[in-house]
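# no letters, just coordinates:
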Ligand SMILES: NC(=O)c1ccc[n+]([C@@H]2O[C@H](COP(=O)([O-])OP(=O)(O)OC[C@H]3O[C@@H](n4cnc5c(N)ncnc54)[C@H](O)[C@@H]3O)[C@@H](O)[C@H]2O)c1
C-alpha cells in the first residue's frame, strides 16, 4: 500500500478506523483474522455489480485466507432497488448460509450497497458486525462513515405514480472498520466521480464551523488536480473529507435534533436535493434529457445552490457565498441548473415528506458565512421557492 492514512472515529467502544490508500483492501486481513479468533466462521459479502471482478476476487480470497467461509450476493444499484424487497431478499440470503451473530457482513460497493448491507447487518439477529469497503468517491467520503444505514420507501398516491422517499427506513449501525482503497476508483465513470465531489464541496461549505477550516481553501488550491482525478490528490481529498466527517460523527453520533449543529449540518443541500433526486425525468444537462435521472451528488449540488439562494432571500446571506459555490460546481462539471422542475408548491410538498422536515415546518440547512452553515427550523416557503427558481432553467 502507498503511504495512506488512518482516521479514527472516536466513539468509545463503537469507535473504528477508516483506512485510506492505494491497496488498503489488504488491511482487512488483520480485522478478519481477529474476528475468526473470536469465533467468526463465515463472511457474507454484498457486492456491487459495478465493482471490477478483480477486487471481488481479492476480497473473497482475503476472507477465505483468514479462515472464513465466504458467501456473496450481488446488487446492481439504483434508488428503486434500494427497497424493502431487496433488503428482505438480502436477509433471506444471509440467513440461508447459517450466518451467526459474530459473523461479519462486508459491503463492497457504492452508497446504495453500503446502506442496504449496513441495514441488513444492523437488523439480522438484532445486529451483526459490518465492514464497509466503499468503492465510489461518494461512498468513501460520506456514506460509509457514520453508521447511517437503510433504504427508500415507495408511498402510493391516489392520483399518480408512487412517491419514492429517500432513506425513510433505517438505523444507525456503526461499522467495525471502513476501508477506502483508492485503486478501486480507477474504473469509476466520470459522472460518478463528479457526483462524489459534490459531497466534498458540501464538507467545504460547513468546514469552518466544524473545526476543519482549511478544507475549502485546500480544495480550491487543488481543484484542477481534483477535477482531473489525479490519484495522490484524490487520496488526500478522501483523507481530509473522512477526517471532517469522523469528527462531526464523534460529537453527534445519532444526529441529535436538539443540537444546533453537529450531524444535521451534513444535510446541507439534502432537503432541497432529496426533493428533486427521485423525479425520474430530471437530467443534469438541461440540453440532454437522456442523462436523466439525476445522480445523488448532482441533486445535492443543485440542492446546495438552491439553499444558498434561498438563504439570500431569507436572511440576507451575502451572494458571494452562492457565487463561489456556483463557480466551484461549474469547474468540476456539476450541474447548477435543471430543466423540467415541477412547481414550487409540489417541490415544497416533496420536501415536507423528507425525513429532515419537522412537524409542519420544513427544516433546512442554510449557509450563514463562508464555510459555515446553520439549521433553520421553520424556513419560509417563499424563500424555498426563490431557491428552486434559481436552479430552474426553464
Ligand atoms: N449512509 C450515509 O450516510 C449516506 C451518505 C451519502 C449518501 N448516501 C446514499 O448513497 C447513495 C449514493 O451512493 P453512490 O453515489 O456511491 O451511488 P451508487 O451506490 O448508486 O453507485 C453509483 C454507481 O457506481 C457503480 N460503481 C460502484 N463502484 C464502482 C467502481 N469501483 N467502478 C465502477 N463503477 C462502480 C455502481 O454500480 C453504480 O452504478 C444514495 O442512495 C444516498 O442516499 C448515504
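Happy to help now that I have it. All figures in this text were calculated on a predicted structure; none of them were measured in a lab. Numbers count the residues shown, from 1 in each chain.

# residue contacts, the residue in the stretch 101-250 of the chain that the ligand sits nearest to?
Residue nearest to the ligand within the stretch 101-250 of the chain: residue 111 (2.1 Å; C-beta to the nearest ligand atom). Heads up, the C-betas are built off the backbone N, CA and C, glycines and all. Each residue near residue 111 by C-beta atoms under 8 Å, 6 or more residues apart in numbering is listed here: 134, 136, 138-139, 142-144, 296.

# check what pLDDT it gets.
What the model reports as pLDDT for residue 111 is 98.

# again with residue 166
For residue 166, the predicted pLDDT is 89.

# for it, give me its contacts.
Per C-beta under 8 Å, 6+ apart, neighbours of residue 166: 79, 152, 274, 277-278, 354.

# hang on, it is in a helix, isn't it?
No: looking at residue 166 with DSSP: H, G, I helix; E, B strand; the rest coil, it is strand, so not inside a helix.

# who are the contact partners of the residue most central in space within the chain?
Taking C-alpha atoms, centre = their mean, the centroid of the chain lies closest to residue 143, which sits 3.4 Å from it. Applying C-beta under 8 Å, 6+ apart to residue 143 gives the contacts 110-111, 114-115, 134.

# which one of the residues you listed is nearest residue 338?
In terms of C-beta to C-beta, no member of these lies closer to residue 338 than residue 111, at 21.1 Å.

# phi, psi of the closest residue to that closest one other than its chain neighbours?
Closest residue to residue 111 apart from its sequence neighbours, by C-beta to C-beta, 6 or more residues apart in numbering: residue 143 at 3.5 Å. Dihedral angles of residue 143 (phi, psi; degrees, to the nearest 10) stand at phi -60, psi -30.

# how much space between residue 143 and residue 14?
With the distance defined as C-beta to C-beta, to the nearest Å, residue 143 ends up 18 Å from residue 14.

# not counting sequence-adjacent ones, nearest residue to residue 389?
residue 344 (7.2 Å).

# pretty sure residue 180 sits against residue 18.
Yes: counting by C-beta atoms under 8 Å, residue 180 touches residue 18, with 6.6 Å between them.

# what do the two both touch?
Residues touching both residue 180 and residue 18 (C-beta under 8 Å, 6+ apart): 144, 242.

# more neighbours, the two?
residue 180 (30 against 26; other C-beta atoms under 10 Å).

# so what does that one have for phi and psi?
Phi and psi for residue 180, reported as degrees, to the nearest 10, are phi -100, psi 90.

# residue ranges in the stretch 1-150 of the chain under the pLDDT threshold?
1-3 (pLDDT under 70).

# in the stretch 201-350 of the chain, which residue sits closest to the ligand?
For the stretch 201-350 of the chain, C-beta to the nearest ligand atom, closest residue to the ligand: residue 296, 4.1 Å.

# follow-up on the earlier one: so which of the contacts of residue 166 sits lowest on pLDDT?
For the contacts of residue 166, the least confident entry is residue 354, with 62.

# ok, residues contacting stretch 307-321?
268-269, 271-272, 322, 325, 364-370, 376, 379-380, 382-384, 386-387, 389-391.

# quick one, which of these are buried?
268-269, 271-272, 322, 325, 364-368, 370, 376, 379, 383-384, 386-387, 390-391 (16 or more other C-beta atoms under 10 Å).

# one step back: tell me, how many residues neighbour the residue nearest to residue 389?
By other C-beta under 10 Å, neighbour count at residue 344 equals 17.

# got the contact list for it?
381, 384-385, 388-389.

# okay if I get the residues you listed as a markdown table plus distance to the ligand, pLDDT and secondary structure?
Formatted as a markdown table, the contacts of residue 344 follow (distance: C-beta to the nearest ligand atom, whole Å; pLDDT from 0 to 100; DSSP: H, G, I helix; E, B strand; the rest coil):
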| residue | distance to the ligand | pLDDT | secondary structure |
| --- | --- | --- | --- |
| 381 | 25 | 95 | helix |
| 384 | 21 | 97 | helix |
| 385 | 25 | 97 | helix |
| 388 | 20 | 98 | helix |
| 389 | 25 | 98 | helix |
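
# could you single out the nearest of these to residue 51?
residue 388 (35.6 Å).

# correct me, but the closest one touches residue 346?
No: Residue 388 is beyond contact range of residue 346, at 10.0 Å (criterion: C-beta under 8 Å).

# give me the more crowded residue out of those two.
Neighbours were tallied for residue 388 and for residue 346 using other C-beta under 10 Å; the higher tally belongs to residue 388 (25 against 13).

# keep only those of the buried ones among the contacts of stretch 307-321 that are in strands.
Among the buried ones among the contacts of stretch 307-321, the members falling in strands are 364-368, 376 (criterion: DSSP state E).

# surely residue 241 is in contact with residue 139?
No: judged on C-beta under 8 Å, residue 241 makes no contact with residue 139 at a distance of 11.6 Å.
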